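Peer 1: show me the folded form of this:
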Amino acid sequence: MAKPYFKRLTIVQLGKPRPKFSEFADEANARNSIPPCPGPNKPIVEFSPKLPNVVMTGANGKAGNICLSCFSGFLSDTPLETTAFVAARLASDQLGKVTCDLAHDYSQMAMSYAVSQRNEQIWRDAVKMGSKAEHCAGKRGMDEVEVFQARRMKGDVVQWHQLNSSPTVEICPFCYWTKAHMLGAAHMFSPVSRQLPQGHVHICSMMGSDTSETTATNSPDNFEDSVAWRGRILFDALRPGYEAGDWSPLTSAGRMLATNAPPCGGNIRGFSRGSNRRWYGRVNQAYGNQNDCTIIICEECYMRSVNGKPHANLFSQDMTKFACINTGSDGLIYCSTYTNRARGVVRQCAETGDLVSFARWWNMREELRRKKHSWNPIIEVQLQKEKLADAHRLTQARLKANAQINTMARLGSAGAAELAAGDTGWRYGNSQVGYGFWTSGAADAQMDWIRASNMPSGFEGNPINLVMDTQAILTQARQDELNFAAVE
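Peer 2: Predicted structure coming up:
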């Protein structure tokens with residue numbers, strides 16, 4: 001964060017007629033004393049010692065608050081330094097509540113572009129719409145039902161867009177507002193308007209990726225998945241447009257992506273029969289035969305791993321009807337080969353034809369997968385036990401506390417009545433409370449106190465055993481999860 005600031009500071013100082021290192025050092029030390037940005041959605045609670053409780057807020061009453069660290073990192077010594085934001089000291093009732101609007105990656109990208117264009121409104125528009133859309137839909141995407149529900153909650157901001165030259169290439173609302181629209185490519189996209197099949201799932205073709213920016217985009221195998229690969233290609237194609245006004249690379253990138261099969265949804269997005277997706281693979285004809293296997297592969301993974309290989313026939317059975325019948329527990333179809341490792345093993349088999357070795361490996365992988373997922377209902381039941389036990393203990397404790405409070409009030413009233421009545425010579429009580437009470441009311445009140453005190457408090461059992469059982473289950477489940485991850 002501080003490197004861009006020091007670079008600009010150096011340029012400014014060296015540009016002076018008589019640069020002084022002492023001035024540079026003073027500025028640098030002042031910058032180093034500023035606490036780092038707290039991060040997205042976290043309140044600004046640390047401040048510069050020289051500027052306590054001070055943040056930068058939008059000039060001329062405009063919205064937006066940013067911490068001093070982000071201000072120096074993105075705005076100091078830039079054309080927007082003195083026009084976009086002004087210093088403001090937070091009031092006591094604002095402390096611990098104000099967050100930094102430059103903490104998000106998309107906000108920082110928008111600010112960098114706004115500075116280059118000398119137009120702060122670019123940043124404000126991107127942050128305004130990005131905060132409403134919240135995040136990229138990514139590989140999971142959204143089906144039409146989810147789009148409808150999101151639109152009811154957030155309004156028209158939930159609008160998917162398609163690339164005009166390649167309508168099947170779609171981007172989510174978040175990426176449209178924080179990337180395409182923000183970088184001046186709005187005219188290259190339009191709201192999705194083509195006729196969609198029932199069950200269509202929108203998957204974002206501009207999703208971000210953690211893969212290094214220098215990673216070659218010639219193969220999706222260089223990325224965590226093909227959706228991240230598509231996102232890098234489409235986003236990179238924006239650069240010639242917003243830098244030089246040449247949008248033809250974006251058009252070319254869209255046409256190339258449109259020729260690919262629909263992106264794999266991995267293990268996080270299943271598809272219904274109505275999605276019109278095609279599925280390939282093979283079926284084990286003999287139950288329990290470890291030398292054969294059943295595998296369902298989405299169209300994209302088939303094209304990447306099987307199509308054109310010498311032994312492609314091993315995995316080229318049309319599994320669409322089979323997949324629609326043998327869906328997951330949620331009624332959806334998931335691709336089995338959603339990782340680079342799984343696709344690589346399938347590819348090797350399609351090249352060598354060694355089905356027996358592949359089948360044994362695949363059956364072992366499937367067994368580990370089933371074992372991993374078998375823990376889900378067990379964990380759910382165990383956590384429900386803890387929840388019910390906690391609720392029972394809380395109810396018992398509340399009942400006992402209420403009984404004791406009410407009894408204490410009766411004891412007070414009975415004591416006052418005894419003093420008012422005086423000693424008449426009669427004694428009341430029983431073997432549990434004794435026989436020294438002047439009134440029957442006082443004896444009854446004391447008996448009620450004993451009963452209330454003997455009520456179960458909810459802590460008589462041993463909740464530690466339940467917690468230990470839960471921990472043991474989670475530990476075993478975690479081990480099976482790691483075992484599957486090793487071959488996933």
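
Peer 1: show me the contacts for Met455.
Peer 2: Gln396, Leu399, Lys400, Ala403 (Cβ atoms under 8 Å, 6 or more residues apart in numbering). Any C-beta I mention is one placed from the backbone N, CA and C, and that applies to glycine too.

Peer 1: pLDDT at it, what is it?
Peer 2: Looking at Met455, its pLDDT stands at 78.

Peer 1: how far away is it from Thr337?
Peer 2: 60 Å (Cβ to Cβ, to the nearest Å).

Peer 1: quick one: end-to-end distance for stretch 90-102.
Peer 2: 18 Å (Cα to Cα, to the nearest Å).

Peer 1: spatially central residue in this protein, please.
Peer 2: His135 (8.5 Å; Cα atoms, centre = their mean).

Peer 1: grab the nearest non-local neighbour of that residue.
Peer 2: Computed as Cβ to Cβ, 6 or more residues apart in numbering, the closest residue to His135 that is not its neighbour in sequence is Phe174, at 5.7 Å.

Peer 1: how close does the one you found sit to Trp160?
Peer 2: Computed as Cβ to Cβ, the Phe174 to Trp160 distance reads 10 Å.

Peer 1: these two: which is more packed in?
Peer 2: Shown here are Phe174 and Trp160; by other Cβ atoms under 10 Å, Phe174 has more neighbours (25 against 20).

Peer 1: from the contacts of Met455, which land in helices?
Peer 2: Using DSSP state H, the members of the contacts of Met455 that fall within helices are Gln396, Leu399, Lys400, Ala403.

Peer 1: how much space separates the residue of the chain most remote from its centre from Gly266?
Peer 2: Of all residues in the chain, Gly425 has its C-alpha farthest from the mean position, at 76.1 Å, by Cα atoms, centre = their mean. Using Cβ to Cβ, Gly425 is found at 88 Å from Gly266.

Peer 1: what's the weakest-modelled helix or strand in this protein?
Peer 2: Within the chain, confidence by mean pLDDT, DSSP states H and E is lowest for helix 2-14 among all helices and strands, at a mean of 66.

Peer 1: what sits against the residue lying closest to Asn260 once chain neighbours are set aside?
Peer 2: Distances taken as Cβ to Cβ, 6+ apart place Glu300 nearest to Asn260, at 6.8 Å, with adjacent residues excluded. By Cβ under 8 Å, 6+ apart, the contact set of Glu300 is Ser226, Asn260, Ala261, Pro262, Pro263, Cys264.

Peer 1: repeat for Met109
Peer 2: Thr178, Lys179, Met182.

Peer 1: these into TSV, with extra columns for distance to Cys204, secondary structure and neighbour count?
Peer 2: Putting these into TSV (distance: Cβ to Cβ, whole Å; DSSP: H, G, I helix; E, B strand; the rest coil; neighbours: other Cβ atoms under 10 Å) gives the following:
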residue	distance to Cys204	secondary structure	neighbour count
Thr178	12	helix	28
Lys179	10	helix	24
Met182	15	coil	25
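
Peer 1: which residue ranges of the stretch 301-450 of the chain form helices?
Peer 2: Secondary structure of the stretch 301-450 of the chain by DSSP state H, counting those that start in this stretch: the helices cover 320-325, 340-352, 355-421, 440-454.

Peer 1: what does the shortest one rub up against?
Peer 2: With Cβ under 8 Å, 6+ apart as the contact definition, helix 320-325 has outside contacts at Arg273, Arg277, Arg278, Trp279, Val283, Ile296, Ile333.

Peer 1: list the buried residues for that helix?
Peer 2: If you call a residue buried by 16 or more other Cβ atoms under 10 Å, then helix 320-325 has these buried ones: Thr320, Phe322, Ala323, Cys324.

Peer 1: again with stretch 282-293
Peer 2: Under the neighbour-count criterion of 16+ other Cβ under 10 Å, stretch 282-293 has Arg282, Asn284, Asp292, Cys293 buried.

Peer 1: identify, from these, the entry nearest to Ala91.
Peer 2: Ranked by distance to Ala91 (Cβ to Cβ), these are led by Cys293 at 66.6 Å.

Peer 1: what does that closest one show for phi and psi?
Peer 2: Phi and psi for Cys293, reported as degrees, to the nearest 10, are phi -160, psi 160.

Peer 1: need the contact list for it.
Peer 2: Contacts of Cys293 (Cβ under 8 Å, 6+ apart): Arg282, Asn284, Phe358, Ala359, Trp362, Asn363, Glu366.

Peer 1: switch to 10 Å and redo it
Peer 2: 281-284, 336, 355-356, 358-366 (Cβ atoms under 10 Å, 6 or more residues apart in numbering).

Peer 1: and these, which are buried?
Peer 2: Gly281, Arg282, Asn284, Ser336, Leu355, Phe358, Ala359, Trp362, Asn363, Arg365, Glu366.

Peer 1: what about the residue nearest to the second one when sequence neighbours are not counted, distance to Ala342?
Peer 2: The spatially closest residue to Arg282, leaving aside those adjacent along the chain, is Gln317, at 5.2 Å (Cβ to Cβ, 6+ apart). Using Cβ to Cβ, Gln317 is found at 18 Å from Ala342.

Peer 1: hmm, back to that, joint contacts of Phe174 and Trp160?
Peer 2: What both Phe174 and Trp160 touch, as defined by Cβ under 10 Å, 6+ apart, is the set Ala137, Cys204.

Peer 1: torsion angles phi and psi at Gly288?
Peer 2: Phi and psi for Gly288, reported as degrees, to the nearest 10, are phi 90, psi 0.

Peer 1: ok, Glu488 touching Val345?
Peer 2: No - using Cβ atoms under 10 Å, Glu488 is not in contact with Val345; the gap is 11.0 Å.

Peer 1: give me the common contacts of those two.
Peer 2: Common neighbours of Glu488 and Val345 (Cβ under 10 Å, 6+ apart) are Thr339, Arg365.

Peer 1: looking at the two, which is more packed in?
Peer 2: Neighbours were tallied for Glu488 and for Val345 using other Cβ under 10 Å; the higher tally belongs to Val345 (19 against 15).
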